[in-house]
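Participant: sequence and predicted structure, then a few things I'm wondering about:
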Amino acid sequence: MQTDVIIPAFNEAPSIGRVLRDIPKEWVREVIVVDNGSTDQTSQEAKAHGATVLSQPQKGYGNACLKGMAYLQAKPLNDQPDVVVFLDGDFSDYPQELSNLVAPIARDEADFVLGSRTLGNRKRGSMMPQQLFGNWLATNLILLLFGTRFTDLGPFRAIRFPSLLALGMIDRNYGWTVEMQIKALKKGLRWQEVPVSYRPRIGHSKVSGTLRGTVGAGYKIITTILKYR
């Protein structure tokens with residue numbers, strides 16, 4: 001089973017090398033780092049550690065993910081991956097746990113696997129109070145509107161590439177993760193959550209580290225959920 005990894009990255013030079021070193025090479029064919037307008041050495045560090053680096057100067061988490069998807073979709077059909085894994089470039093995820101996310105798909109037990117920080121080992125200080133509250137609010141709103149209980153909206157996730165393409169992803173910023181989860185439900189994908197570990201990120205968060213980022217992300221997530229109800 002061919003598995004590729006997409007890592008959206010904005011000013012992650014201090015951490016991206018550590019992320020790339022910890023990805024289990026025996027599980028992954030290609031790692032794509034999408035530089036989302038960085039002003040530091042993110043691209044150079046990623047290239048030095050063997051990643052394919054794409055440039056997406058238009059800011060937005062979803063924009064970066066869509067750029068990585070377009071790169072994979074442009075390959076000949078027989079060279080496209082079976083599975084795509086998304087994770088962050090700030091070293092808050094544990095890349096070596098990638099096999100735990102891919103395994104249920106490899107066993108044909110799931111089409112989409114979400115890494116749940118809520119179910120896993122979350123280090124003290126890894127998620128700020130506003131993140132925890134936002135996560136609780138969003139997952140309960142999904143339960144109320146769609147009758148399905150997710151425990152997290154975490155970025156570390158694996159999905160069959162054909163299934164991902166069928167979702168018709170369009171969000172270009174903060175609503176990307178919840179859009180994927182809701183569309184997976186509506187498309188009837190088989191999904192699972194697996195526990196993942198989580199630690200404080202390297203560097204300053206561009207979202208939860210600022211009031212503007214926190215409010216903007218929270219608003220977009222809630223409106224995305226309501227949009228697809």
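Facilitator: Arrived safely.
Participant: where in the chain is pLDDT low?
Facilitator: Filtered on pLDDT under 70, the chain yields the residue ranges 204-214.
Participant: spatially central residue in it, please.
Facilitator: Closest to where the C-alpha atoms of the chain average out (Cα atoms, centre = their mean) is residue 155, at 3.2 Å.
Participant: ok, now which ones touch the closest residue to it other than its chain neighbours?
Facilitator: Spatial nearest neighbour of residue 155, chain neighbours left out: residue 88 (4.9 Å); criterion: Cβ to Cβ, 6 or more residues apart in numbering. Using the backbone N, CA and C atoms, a C-beta is placed for each residue, glycine as well. Applying Cβ atoms under 8 Å, 6 or more residues apart in numbering, one finds that residue 88 lies in contact with 7, 8, 19, 155, 156, 201.
Participant: need phi/psi at residue 88.
Facilitator: phi -90, psi 160 (degrees, to the nearest 10).
Participant: what segments of this protein are helices?
Facilitator: Taking DSSP state H as the criterion, the chain contains helices spanning 13-22, 42-48, 61-73, 98-106, 129-146, 161-167, 176-186, 211-227.
Participant: include distance to residue 81 when you put those into CSV, please.
Facilitator: Output for these, formatted as CSV (distance: least, Cβ to Cβ, whole Å):
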stretch, distance to residue 81
helix 13-22, 17
helix 42-48, 19
helix 61-73, 6
helix 98-106, 11
helix 129-146, 28
helix 161-167, 5
helix 176-186, 16
helix 211-227, 26
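Participant: out of the ones you listed, which comes closest to residue 195?
Facilitator: Closest to residue 195 of the helices of the chain is helix 98-106 (Cβ to Cβ; 8.0 Å).
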